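# What would the 3D arrangement of this be:
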Amino acid sequence: MPAYSGKAQHYLIAIAESVFTSQHVRDWLIRGTSAEPTYTGSSALVDEQRAVRWRTRPTIQPFWANYWCGLDGGCTCRIPDSKGLESDAIFFFRNSLNRILAVHLEFKHPGERFGDGQPEAYPLRAACFAKTYQTRQTLNAHHDWTTVIFCGAETASDVRLGNFERVIYHAEAISVIAGYPAGSR
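Below is the predicted model of the structure:
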């Protein structure tokens, strides 16, 4: 069985390609979040994000994937007593007022459980990244943030989903995102 990111990569690539090429998908992604009123109609910062993330060299994963907050003391956004955690993907949007939004995305396969403290850490880490991006060479400058999770409908009763501003179930993603793997209902 492939490593986790290898298993999730097909889904994340479909999400990224749609985010980068479709205004409808960008607006749909932030629907219902605090960012929606300010960032509907925004553009994706594809080239800018790639240039910042790959400032020194290309990463093994795509430039938008796996923003880590590791176990070492160098990560000021690590949540106390948590494991090293990462955002599966971050996308940056620029609105007509030249403000930039970081969309922190988590992906869960159907039936996949959260790690200890994982959902609780998402908004805390996103808020910290927005305050400390100046100290992170591979993170784009941004003013605002939101958190989004893609998961199976069986997760609907998990109260920890409240840590994400937007919950997108796989069945909905299949109907909106071109190339989203159909086996994820």
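# tell me the SS of the residue nearest the centre of the chain?
In the chain, the residue lying closest to the centroid (C-alpha atoms, centre = their mean) is Leu105, at 1.9 Å. Judged by DSSP: H, G, I helix; E, B strand; the rest coil, the three-state class of Leu105 is strand.
# Check it and give its pLDDT.
Per-residue confidence (pLDDT) for Leu105: 94.
# For it, name its beta-bridge partners.
When bridges are taken as DSSP bridges, the partners of Leu105 come out as Ala89, Val148.
# any idea how far Thr59 is from it?
In this view, Leu105 and Thr59 are 16 Å apart by C-beta to C-beta, to the nearest Å. C-beta: built from backbone N, CA, C; applies to glycine.
# With Arg31 instead?
Distance of Arg31 to Thr59, given as C-beta to C-beta: 29 Å.
# so who does the residue nearest to the centre of the chain touch?
Neighbour list for Leu105: 12, 15, 87-91, 147-150 [criterion: C-beta atoms under 8 Å, 6 or more residues apart in numbering].
# tell me the least confident of the residues you listed?
Ser87 (79).
# For that one, grab phi and psi.
Note on Ser87: backbone dihedrals following degrees, to the nearest 10 are phi -90, psi 130.
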